[in-house]
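Asker: Sequence first, predicted model second:
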Amino acid sequence: MQHMAPPQDAHPTGVRGVATVAAALPLNALPRAIYDFLQRLPNHALIGGHGLRLDGVADDGRAALITLRGPLGIRRTAYTTVTNLRPPHRFGGTALVGKRTMAYVNWTIETAGTGSFVTLSATIVRAGPMDRLLLALGGRWWVTRSFKHAIALLGAAVEDTACAPMAG
């Protein structure tokens, strides 16, 4: 898979977009364990559920091609690039869908007691006509639900990784 350079405005502060979608859940894992799991893009195949398929990861591990599968057979392909690495509390980047839609997607990991509070958010900064229509017809609800499911799967995957016996 070819790697593209991230946009120059990879994470401007105070971005106001077409829509912002977010979900958050507490997890029984420390921020470092969650961050370490997320920074390995192939791991994202384990947390997508039925709505996300990881189709490829760039050789440098900082970009991926993802297929999003929504209700009624709707499919969108996103080219994602990691542009925001702030261990162990923030991991994210850009998602380009077609020629007209772009979003900033971020995982925020906060310490909470003996675990973490994890937020997955997307700020859609540009949306083509089809994506605007999909957002208006329930897409925000679907993405929020998918994000919450991804965070829950992340918690289970990180726990499974922590409990796995060491090879060797």
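Answerer: Perfect, I can see it now.
Asker: now the helices for the protein?
Answerer: 31-38, 129-134, 140-163 (DSSP state H).
Asker: out of those helices, nearest to P71?
Answerer: Closest approach to P71 among the helices of the chain is made by helix 140-163 (6.6 Å; C-beta to C-beta). C-beta here means a position set from N, CA and C on the backbone, and glycine is covered the same way.
Asker: Distance from the chain centre to the closest one, please.
Answerer: The chain centre lies 10 Å from the centre of helix 140-163; the measure is C-alpha atoms, centre = their mean, to the nearest Å.
Asker: can you list the residues that contact it?
Answerer: 19, 21-25, 27-29, 33-34, 37-38, 43, 46-49, 51-52, 70-71, 118, 120-122 (C-beta atoms under 8 Å, 6 or more residues apart in numbering).
Asker: pLDDT on it, on average?
Answerer: Average pLDDT, helix 140-163: 91.
Asker: Could I get the contacting residues of T119?
Answerer: A22, A23, A24, N106, W107, T108, E110.
Asker: cool, and A122?
Answerer: T20, V21, A22, A95, A103, Y104, V105, N106, V143, F147.
Asker: Show the low-confidence segments of this protein, by residue range.
Answerer: 1-16, 163-168 (pLDDT under 70).
Asker: Drop anything exposed from the contacts of helix 140-163.
Answerer: Neighbour counting by 16 or more other C-beta atoms under 10 Å classes 19, 21, 23, 25, 27, 29, 33-34, 37-38, 43, 46-48, 51-52, 118, 120-122 among the contacts of helix 140-163 as buried.
Asker: Among the contacts of T119, which one sits closest to A78?
Answerer: N106 (14.6 Å).
Asker: residues in contact with that closest one?
Answerer: Contacts for N106 (C-beta under 8 Å, 6+ apart) come out as N84, R90, F91, G92, T119, L120, S121, A122.
Asker: Those residues in strands, which ones?
Answerer: N84, R90, F91, G92, T119, L120, S121, A122 (DSSP state E).
Asker: The first one is in contact with W107, isn't it?
Answerer: No. The pair N84 / W107 is not scored as a contact, 9.1 Å apart, by C-beta atoms under 8 Å.
Asker: Mutual contacts of those two, please.
Answerer: Taking C-beta under 8 Å, 6+ apart as the contact rule, N84 and W107 both touch R90, F91, G92.
Asker: now, which of these sits nearest R132?
Answerer: The nearest one, if we look at the shared contacts of N84 and W107 relative to R132 and count by C-beta to C-beta, is G92, at 22.6 Å.
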